[in-house]
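**Student:** Structure, please.
(2 chains)
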Amino acid sequence: AQSVSQHNHHVILSEAASLELGCNYSYGGTVNLFWYVQYPGQHLQLLLKYFSGDPLVKGIKGFEAEFIKSKFSFNLRKPSVQWSDTAEYFCAVNADNAGNMLTFGGGTRLMVKP
Amino acid sequence: GAGVSQTPSNKVTEKGKYVELRCDPISGHTALYWYRQSLGQGPEFLIYFQGTGAADDSGLPNDRFFAVRPEGSVSTLKIQRTERGDSAVYLCASSPGRGRVGVNEQFFGPGTRLTVL
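**Tutor:** Residues are numbered from 1 along each chain as shown, chains lettered A, B, ... in the order given. A predicted model of the protein is given here:
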């Protein structure tokens, strides 16, 4: 079975700091990769996704992620965070042997101090 | 509607009771998913419907859990003889159609917070 690891459970940054959240998965076959965000009091929203092509994916609100197949990683980055980026971030994987289910990581709670 | 809706938003019940959680997907979406999110964890897959049929129910934890989607739109997740360990947020998602989930994004609802006392 697939598993997804997000090693940073809580991250605290000041505004304008750079962000990188780690995501590693365990499946060796073809994968589709996602980052979802959950702002306080809101539901999960898709931030960006990768399913083929350029391994550097750009999403909404200035976020990007890079798929490195050799490292089984899909880290999320943002050059300069804002207070409004305070949220919980979830990495998710769909493996080609898992139908349409998503396997989620445990999430990273980001707090940006103004 | 504009997005996936779920009712109720909160449900408190007693151990041993039966509960039903409802999901209204985005209009026209043929695929529907249920996930469960326990405190401090990411969502865990429960079941996936394509149309009226359950295409994958491998995530249902035991036979106390059951879900239906009789007309291919609204879905109901049913939990019998609830236990305290069932307390979690139950999330529903829908996506436009067939094909790999990488092509069809899953849109999530706000969830139902179930508390079993």
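**Student:** Can you give me the buried ones in the least confident helix or strand in chain B by mean pLDDT?
**Tutor:** When each helix and strand of chain B is scored by mean pLDDT, DSSP states H and E, strand B:53-56 comes last, with a mean of 89. For strand B:53-56, the neighbour count (16 or more other CB atoms under 10 Å in any protein chain shown) marks B:54, B:55, B:56 as buried. For glycine as for every other residue, the C-beta is placed from the backbone atoms N, C-alpha and C.
**Student:** Pull it out as CSV, backbone CA atoms only.
**Tutor:** Output of strand B:53-56 as CSV, limited to C-alpha atoms (Å, rounded to 0.1, in the frame of the first residue of the first chain):
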residue,chain,number,x,y,z
GLY,B,53,-22.2,1.7,-8.0
ALA,B,54,-19.4,1.5,-5.4
ALA,B,55,-16.3,1.1,-7.6
ASP,B,56,-14.0,0.7,-4.6
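**Student:** how about the next helix or strand along the chain from it against chain A, any contact?
**Tutor:** Of the helices and strands lying after strand B:53-56 in sequence (DSSP states H and E), the nearest is strand B:65-68. No - figure legend: strand B:65-68 not in contact with chain A (CB under 8 Å from any CB of the partner chain); closest approach 14.0 Å.
**Student:** Packing partners of strand B:65-68?
**Tutor:** With contacts taken as 3 or more CB pairs under 8 Å, 6 or more residues apart in numbering or on different chains; DSSP states H and E, strand B:65-68 sits against strand B:44-50, strand B:75-79.
**Student:** For stretch A:50-68, what does the pLDDT average out to?
**Tutor:** Taken as a whole, stretch A:50-68 has an average pLDDT of 94.
**Student:** actually stretch B:75-88, not the one I wrote
**Tutor:** Stretch B:75-88 shows a mean pLDDT of 97.
**Student:** Which residues does it contact?
**Tutor:** With contact meaning CB atoms under 8 Å, 6 or more residues apart in numbering or on different chains, stretch B:75-88 is reached by B:13-23, B:25, B:32, B:34, B:36-39, B:46-47, B:49, B:64-69, B:90, B:92, B:113-117.
**Student:** Same question for stretch B:55-72.
**Tutor:** So stretch B:55-72 is contacted by A:99-101, B:30, B:32, B:34, B:44-49, B:51-54, B:75-83 (CB under 8 Å, 6+ apart).
**Student:** Could you tell me which of those count as buried?
**Tutor:** The neighbour count (16+ other CB under 10 Å) marks A:100-101, B:30, B:32, B:34, B:44-49, B:54, B:75, B:77, B:79, B:82 as buried among the contacts of stretch B:55-72.
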